[in-house]
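> 3D, please:
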Amino acid sequence: MSTVTPSNLSATVLPRTTAISKGLLVFGGALFLAALAQVVIPVPGSPVPVTGQTLGVLLLATAYGANLGAATFALYLLIGLAGAPVFANQGHGIERLIGPTGGYLVGMLIASWVLGALAGRKWDQRFLSAITTMFIGNVIIFTFGLIWLHEYTGKDWAWTFSAGLTPFIFGEILKIVIAGTSLPALWKVVGRSN
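Next up is the predicted model:
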């Protein structure tokens, strides 16, 4: 008889989940994202602030897997679109999705699925592959964010990069290191307990 090895951290820690427990994970994850979105550092001259949101995406998507990770971010978006103040600076509504930061939100949704899929291939269990996974997630987020910001503002690419990427580089490296080291460490702890 073969046993199926869970492919992500949440499935390993909670091997027997129900629709209710998955719903609680998704809802709890959306609240976690909302809390991290309130960690805001304004960037002078840019409509895009530094937030803790991308760290939340990196951690949740890899821990939850592709489907649960994407569902969590989708719920977070829907809650914000419905009017709950869950976006950065307690923002809400469709304006946030179609405004200058909308591309980053779309990028986070897509990155949630991609990061979860990579975690399903165990890319989050070793340091180098985990760092690579987190880097890929950031590339997706910032690619969508920069294209959207450029189109929304109509400004040149030099301004777009200086307002939408350059001020974030140090913080994103820090987030990549935090997520890329904490997940392999958690896997080691979980591996010892199984």
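
> Local confidence estimate at Pro15?
Pro15 is assigned a predicted lDDT (pLDDT) of 77.

> So which residue is dead centre in this structure?
Val57 (1.6 Å; Cα atoms, centre = their mean).

> from what I can see it touches Leu33, true?
Yes: the criterion here is Cβ atoms under 8 Å, and Val57 meets it with Leu33 at 7.2 Å. C-betas here are computed from N, CA, C, even on glycine.

> buried set for the longest helix along the chain?
In the chain, ranked by residue count with DSSP state H as the criterion, the top helix is helix 127-153. For helix 127-153, the neighbour count (16 or more other Cβ atoms under 10 Å) marks 129-131, 133-134, 136-138, 140-142, 144-146, 148-150, 152 as buried.

> Mind listing what's buried along stretch 28-43?
For stretch 28-43, burial by neighbour count (16+ other Cβ under 10 Å) applies to Gly29, Ala30, Phe32, Leu33, Ala34, Leu36, Ala37, Gln38, Val40, Val43.

> Kindly apply the preceding question to stretch 85-94 instead.
Buried residues in stretch 85-94 (16+ other Cβ under 10 Å): Val86, Phe87, Ala88, Gly91.

> Stretch 114-124 now?
Judged by neighbour count using 16+ other Cβ under 10 Å, the buried positions of stretch 114-124 are Val114, Leu115, Gly116, Ala117, Leu118, Ala119, Gly120, Trp123, Asp124.

> List the contacts of the residue lying closest to Leu9 once chain neighbours are set aside.
Among residues not flanking Leu9 along the chain, Ala63 sits closest, at 4.3 Å (Cβ to Cβ, 6 or more residues apart in numbering). Contacts for Ala63 (Cβ atoms under 8 Å, 6 or more residues apart in numbering) come out as Asn8, Leu9, Ser10, Gly69, Ala119, Asp124, Leu183, Leu186.

> do the same with Val86
Ala30, Leu33, Ala34, Ala37, Tyr76, Ile79, Gly80, His92.

> again, only using 10 Å
30-31, 33-35, 37-38, 53, 76-80, 92, 96 (Cβ atoms under 10 Å, 6 or more residues apart in numbering).

> Mind checking which of the residues you listed land in helices?
Among these, the members falling in helices (DSSP H) are 30-31, 33-35, 37, 53, 76-80, 96.

> Report the lowest-confidence entry in those.
Lowest pLDDT among the ones in helices among the contacts of Val86: Arg96, 91.

> Now for it, how many residues are close by?
Using other Cβ atoms under 10 Å, Arg96 has 20 other residues around it.
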